[in-house]
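Need coordinates for the following:
(one chain, ligands or ions: 3)
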Amino acid sequence: MVLTCYQGEPLPQPVAALLEAGDFGGQAGELLLLYPRETLPCRRLLLLGLGERDKISTAGMREAGARAVRKARDMQQPQFVMGLPASGLFVPGQVARALAEGMLLGAYRYLEHKSSLKPEQSRQVEQVTLLTDDTSAVGPVEQGITQGQIMARGVTRARDLVNAPGNWLTPTRMAEIAQEIGTHSGLQATVLGLEELQQQGFGGLLAVAQGSAQPPRFIILEHGQPAADRPTICLVGKGVTFDTGGISLKPGAGMEEMKTDMGGAAAVLGAMQVVGELGLSLHVVALIGAAENMPGANAYKPGDVIGTLSGKTVEVLNTDAEGRIVMADALFYAQRYQPQAVVDIATLTGAMRIALGPHAIGVIGNNQPLIDQMQRAGETSAERVWQLPLWDAYREMVKSKVADIRNTGGGREAGSITAAAFLEHFVGDMAWAHLDIAGTARSDTPGVCGVPGATGVGVMLLVQMLLDWIEARPAGM
Ligand code: BES
Ligand code: ZN
Ligand code: ZN
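Ligands and ions are numbered 1, 2, ... in the order given. Sure thing, here's the model as predicted:
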């Protein structure tokens, strides 16, 4: 049995009698294992601290679920019961949802490519029972658990994709997985292959892919139909399945990390799975440009001028600034849906990791109500979003002498913003927000709910933004 406790609050009497005063303070993350013997109807009692009652957050509640499930797993317990923590800040359904999310995310491991597993690696908690003495809460709690499970499955889907090695997750394989998600979650999937991309003029996507033996793919996943009472929202993801930098080759040390350069696509796919399973009353269209960025005999080169789907020409200063070129075609394609909003998500710039570290997603866009909406969704989903400016001075930096625009700002200054200034050329008059997750898509130190590697960041944020949209449209949209 797991019993949660807020910091500095007394334990219930039969439990308090089991320990010496002062041995357990209820600090966030504090754990104490007790053996009540005959005094309580459980063999093991795990006390779990939640920190201060008025400071508890969704993230804190998730973290509590993650700790409980990992401790139980360490102790080889296939099941446990847990009292639903009371909270003045959240209704019982929200608490249950956050706990369910935390338990599933905290238990996550990526062991796909191990040919055999040690006993402790295959062990997993199979069942958790939440207890509440408030009968009116049972319905909402059950609903919260179901929502949390759906959400967490979307996040682990994204984590699996981001953790997958580049030779395993090629653009072709990503498109197949998108089709599988479509089938299972009731979405319509369309995949454009090399010939269609050539016919339709996806010059950006093709230029990035041309150095690789792996053909690119353009992936479209659609939920619902456009209707007067159903706004259309487009989600656009960067799906660079491996980024060597191309001819502007990256240094060798740490290059393996660039298998995660499809983190934006993974977030979009995970979010679409959730959108389909929750059956949201919106028309949501996901667009993903999938390509591998390689230095090959046929690779695009610095100094090249390429055409894009939009007709605009791009001077390539650096082939490692490939993400924005792939995104350019996908963003332009979004315009045909005439969406109320387009949100793009990409592991776009190392500069964003320098700016915000692993603690926040950078947002830049052309529509303040939409940006505010993203920041609010980030507060709710506990995936924090921080805005950077897009002023004319930055727009100047991507001007080119030989083509319509160039793909870098010429140097490293304001790298995240000049990337957004580039993207802006392809959004037309759509309300647009760009999320840069280069700093947050993976984490070496235990990331979300204590799991290193892929975080699955963006899934919960995008879904929360859509849920909020159903509740109330942002002003003027
Ligand atoms: N995929 C990288 C950005 C990145 C860096 C993601 C670190 C995750 C971790 C992107 O394609 C890139 O290489 N950007 C360059 C742009 C530069 C050449 C203008 C960068 O950030 O250095
Ligand atoms: Zn790059
Ligand atoms: Zn990249």
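
Do you have the strands of the stretch 301-450 of the chain handy? List them.
Counting by DSSP state E, counting those that start in this stretch, one finds strands in the stretch 301-450 of the chain at the ranges 305-307, 313-315, 341-346, 361-365, 385-387, 405-406, 432-436, 442-443.

And these: which comes nearest Ala420?
Closest of the strands of the stretch 301-450 of the chain to Ala420 is strand 361-365, at 3.9 Å (criterion: CB to CB). C-beta here means a position set from N, CA and C on the backbone, and glycine is covered the same way.

Which elements pack onto that closest one?
Other helices and strands packing on strand 361-365, by 3 or more CB pairs under 8 Å, 6 or more residues apart in numbering; DSSP states H and E, are helix 350-356, helix 368-381, strand 385-387, helix 415-424, strand 432-436.

Give the rounded mean pLDDT of it.
On average, the pLDDT along strand 361-365 is 98.

Switch the helices and strands packed on strand 361-365 over to JSON lines; also include mean neighbour count, distance to ligand 1 and mean pLDDT.
Output for the helices and strands packed on strand 361-365, formatted as JSON lines (neighbours: other CB atoms under 10 Å; distance: least, CB to the nearest ligand atom, whole Å; pLDDT from 0 to 100):
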{"stretch": "helix 350-356", "mean neighbour count": "19", "distance to ligand 1": "3", "mean pLDDT": "98"}
{"stretch": "helix 368-381", "mean neighbour count": "19", "distance to ligand 1": "19", "mean pLDDT": "97"}
{"stretch": "strand 385-387", "mean neighbour count": "18", "distance to ligand 1": "17", "mean pLDDT": "98"}
{"stretch": "helix 415-424", "mean neighbour count": "25", "distance to ligand 1": "5", "mean pLDDT": "98"}
{"stretch": "strand 432-436", "mean neighbour count": "29", "distance to ligand 1": "9", "mean pLDDT": "99"}
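
mind giving me a markdown table with these and columns for distance to ligand 3?
Output for the helices and strands packed on strand 361-365, formatted as a markdown table (distance: least, CB to the ion, whole Å):
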| stretch | distance to ligand 3 |
| --- | --- |
| helix 350-356 | 9 |
| helix 368-381 | 22 |
| strand 385-387 | 21 |
| helix 415-424 | 10 |
| strand 432-436 | 11 |
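
Which one of these lies nearest to Met174?
Counting by CB to CB, Met174 lies closest to strand 432-436 out of the helices and strands packed on strand 361-365; the figure is 19.3 Å.

Check what contacts the closest one and list those residues.
Strand 432-436 is contacted from outside by 264, 331, 341-349, 352, 361-367, 370-371, 373-374, 385, 416, 419-420, 423-424, 458, 461, using CB atoms under 8 Å, 6 or more residues apart in numbering.

redo that, cut-off 7 Å
Defining contact as CB atoms under 7 Å, 6 or more residues apart in numbering, one finds that strand 432-436 is touched by 342-346, 348-349, 352, 361-367, 370-371, 374, 416, 420, 423, 458.

ok so, going back, how about JSON lines for the strands of the stretch 301-450 of the chain, with distance to ligand 2 added?
As requested, the strands of the stretch 301-450 of the chain are arranged in JSON lines below (distance: least, CB to the ion, whole Å):
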{"stretch": "strand 305-307", "distance to ligand 2": "15"}
{"stretch": "strand 313-315", "distance to ligand 2": "15"}
{"stretch": "strand 341-346", "distance to ligand 2": "11"}
{"stretch": "strand 361-365", "distance to ligand 2": "16"}
{"stretch": "strand 385-387", "distance to ligand 2": "22"}
{"stretch": "strand 405-406", "distance to ligand 2": "15"}
{"stretch": "strand 432-436", "distance to ligand 2": "13"}
{"stretch": "strand 442-443", "distance to ligand 2": "15"}
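
right, and those - which one's nearest Glu20?
The stretch from these with the least distance to Glu20 (CB to CB) is strand 442-443; that distance is 37.3 Å.

Next secondary structure after that closest one?
Taking DSSP states H and E as the definition, the helix or strand that follows strand 442-443 towards the C-terminus is strand 453-454.

so does that following strand get close to ligand 1?
No - applying CB under 6 Å from any ligand atom, one finds strand 453-454 out of contact with ligand 1, separated by at least 12.0 Å.

Measure how far that strand is from the centre of its chain, please.
On the basis of CA atoms, centre = their mean, to the nearest Å, the separation between the geometric centre of strand 453-454 and that of its chain is 11 Å.

For it, give me every contacting residue.
The contact list for strand 453-454 (CB under 7 Å, 6+ apart) reads Tyr110, Arg159, Val162, Asn163, Thr260, Ala441, Arg442.

now the strands of the stretch 301-450 of the chain in JSON lines, with distance to Pro216?
Rendered in JSON lines, the data for these read as follows (distance: least, CB to CB, whole Å):
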{"stretch": "strand 305-307", "distance to Pro216": "14"}
{"stretch": "strand 313-315", "distance to Pro216": "16"}
{"stretch": "strand 341-346", "distance to Pro216": "16"}
{"stretch": "strand 361-365", "distance to Pro216": "26"}
{"stretch": "strand 385-387", "distance to Pro216": "29"}
{"stretch": "strand 405-406", "distance to Pro216": "21"}
{"stretch": "strand 432-436", "distance to Pro216": "21"}
{"stretch": "strand 442-443", "distance to Pro216": "23"}
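
looking at these, which is closest to Pro78?
Ranking the strands of the stretch 301-450 of the chain by proximity to Pro78 (CB to CB) places strand 442-443 first, at 28.5 Å.

residues contacting the one residue in the chain that gets nearest to ligand 2?
Sorted by distance to ligand 2 under CB to the ion, the residues of the chain start with Asp320, at 3.8 Å. By CB under 7 Å, 6+ apart, Asp320 lies in contact with Gly245, Gly246, Ser248, Lys250.

just Gln94 next, same as before
Applying CB under 7 Å, 6+ apart, the residues contacting Gln94 are Gly144.

Likewise for Cys234?
Applying CB under 7 Å, 6+ apart to Cys234 gives the contacts Val285, Leu287, Ala334, Tyr337, Pro339, Val342.

average pLDDT across the helix or strand hosting it?
With elements delineated by DSSP H and E, Cys234 resides in strand 232-243, which encompasses its position. The average of the pLDDT scores along strand 232-243 is 99.

Give me the contact status of stretch 389-401 with ligand 1.
No - judged by CB under 6 Å from any ligand atom, stretch 389-401 makes no contact with ligand 1; its nearest approach is 10.5 Å.

Can you name the residue of this protein nearest to ligand 3?
Counting by CB to the ion, the chain gets nearest ligand 3 through Asp243, at 3.7 Å.

In contact with the nearest residue to Pro474 once chain neighbours are set aside, which residues?
By the measure of CB to CB, 6 or more residues apart in numbering, the closest residue to Pro474 outside its immediate chain neighbours is Pro369, 4.0 Å from it. For Pro369, the residues meeting the contact criterion (CB under 7 Å, 6+ apart) are Pro474, Ala475, Gly476, Met477.

Report how many residues lie close to Val274.
Val274 has 24 neighbouring residues, counting by other CB atoms under 10 Å.

Is it in contact with Gly154, as I believe?
Yes - applying CB atoms under 7 Å as the test, Val274 and Gly154 come out as touching, 3.8 Å apart.
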